[in-house]
Structures are given as C-alpha cells and as structure tokens.
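Engineer: Below: sequence and its predicted model.
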Amino acid sequence: MKFFKLAGLSLVAGVAALGMDMSNGQFTSGALAQETVVTLDQVLNAVRRERTEVSKENKAREAQFLRERNNQRAALNRVKAQVAAAEAESTRLEGVMDANKVTIEALDEELADKQGEFQELFGAARSAAADLNAQVKRSIISTQFPGRSETLVELAQTEKLP
C-alpha cells in the first residue's frame, strides 16, 4: 500500500497496475518480476491498515499542532503578563516621581523662607569675598604666602550657607 501512497495513485489505479485475473476474481501483479496472487480481502485489509496508519499519523500531527499552539499561547500570556507588570511599575514610578517633585518644591520653598534675610546677608558676604579675593591676588605679599585666597574663592562661589 505504500506503493500507492508514494506514487500518489488511487486504489483504482493500483488495482489496474496490479492487473486482475477475471476468471477467478484474483489480482496478479504484472509490475513485479515474480507472480503474486492478491485477493480482494488482502487488498481490503491493506487499505484498512493504511487508513489506520494515516489516521494515527494525522492524530499525532494534530496533537503536535495543539501542543505547539498551547506553547505559543502560554508564551504570549507570559509576555502579556510581563508587559502588564512593566506598565504597572511605570505607573507606580511616575506616581513616585510626581510625589518627589511636589516634595522638592515644598522643600525649596521652605529653604527660601528659612534663608530669608540671611540670603541677602550671605549675598553681601559673597560679594565682599569676591572683592577681597581680587585685592589679595593683586597684593605683592600673595607671592610670599600662596594659597591665601582659596578660602575667599570658595566662599564667593558657594551657593549654600556657610
């Protein structure tokens, strides 16, 4: 029967290829070198076996397709879950970032309030330090005492209260 399957022949073409002895209702093989007698029952049994084999192959193929489909669905579900988790984490972090911005703004306002008058005083001190630094650099004694103006430069450039 594999001959029929491989050659793509139908049962009728297979019967014609084997040749039928009309006197006794048996088939004789003209294609083979040796003469073999094949009865209708043998042909029927061979067809049934072939059909059973094909059915098993089809069921195995179908089971494999179902497994692969289920694996793909599971992988898709895992990826969807990862995307949902990432989106949830992104939303959470955006909330944290917004809360941090509000906190920073409140702390900046509190700092400005607390610095108040000291900010003006500190601005004047920075300005005086910058002026004094310029005078110290021009001084003749600065060559004898290097590093005298480092503290003044630091005070003139800082943004925070000393």
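Structural biologist: Good, I have the coordinates. These numbers were taken from a predicted model, which means no experiment stands behind them.
Engineer: Go through the protein and flag its longest helix.
Structural biologist: helix 40-138 (DSSP state H).
Engineer: mind checking how far that helix is from the chain centre?
Structural biologist: Centroid separation for helix 40-138 versus its chain: 11 Å, with C-alpha atoms, centre = their mean, to the nearest Å.
Engineer: what's the answer for stretch 129-148, then?
Structural biologist: Offset of stretch 129-148 from its chain centre (C-alpha atoms, centre = their mean): 63 Å.
Engineer: Restrict it to CA atoms and write it as PDB.
Structural biologist: Taking C-alpha atoms only, stretch 129-148 is exported to PDB below (Å, rounded to 0.1, in the frame of the first residue of the first chain):
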ATOM      1  CA  ALA A 129      34.700  87.800  49.500                       C
ATOM      2  CA  ALA A 130      35.000  88.200  45.700                       C
ATOM      3  CA  ASP A 131      36.200  91.800  46.000                       C
ATOM      4  CA  LEU A 132      38.700  90.900  48.800                       C
ATOM      5  CA  ASN A 133      39.900  88.000  46.700                       C
ATOM      6  CA  ALA A 134      40.600  90.300  43.800                       C
ATOM      7  CA  GLN A 135      42.600  92.600  46.100                       C
ATOM      8  CA  VAL A 136      44.500  89.700  47.700                       C
ATOM      9  CA  LYS A 137      45.500  88.400  44.200                       C
ATOM     10  CA  ARG A 138      46.900  91.800  43.300                       C
ATOM     11  CA  SER A 139      48.800  92.100  46.600                       C
ATOM     12  CA  ILE A 140      52.600  91.800  46.500                       C
ATOM     13  CA  ILE A 141      52.500  89.700  49.700                       C
ATOM     14  CA  SER A 142      50.500  87.000  47.900                       C
ATOM     15  CA  THR A 143      53.600  85.700  46.300                       C
ATOM     16  CA  GLN A 144      55.200  85.100  49.700                       C
ATOM     17  CA  PHE A 145      52.000  83.400  51.100                       C
ATOM     18  CA  PRO A 146      50.500  81.300  48.400                       C
ATOM     19  CA  GLY A 147      47.000  79.900  49.000                       C
ATOM     20  CA  ARG A 148      45.700  82.900  50.900                       C
END
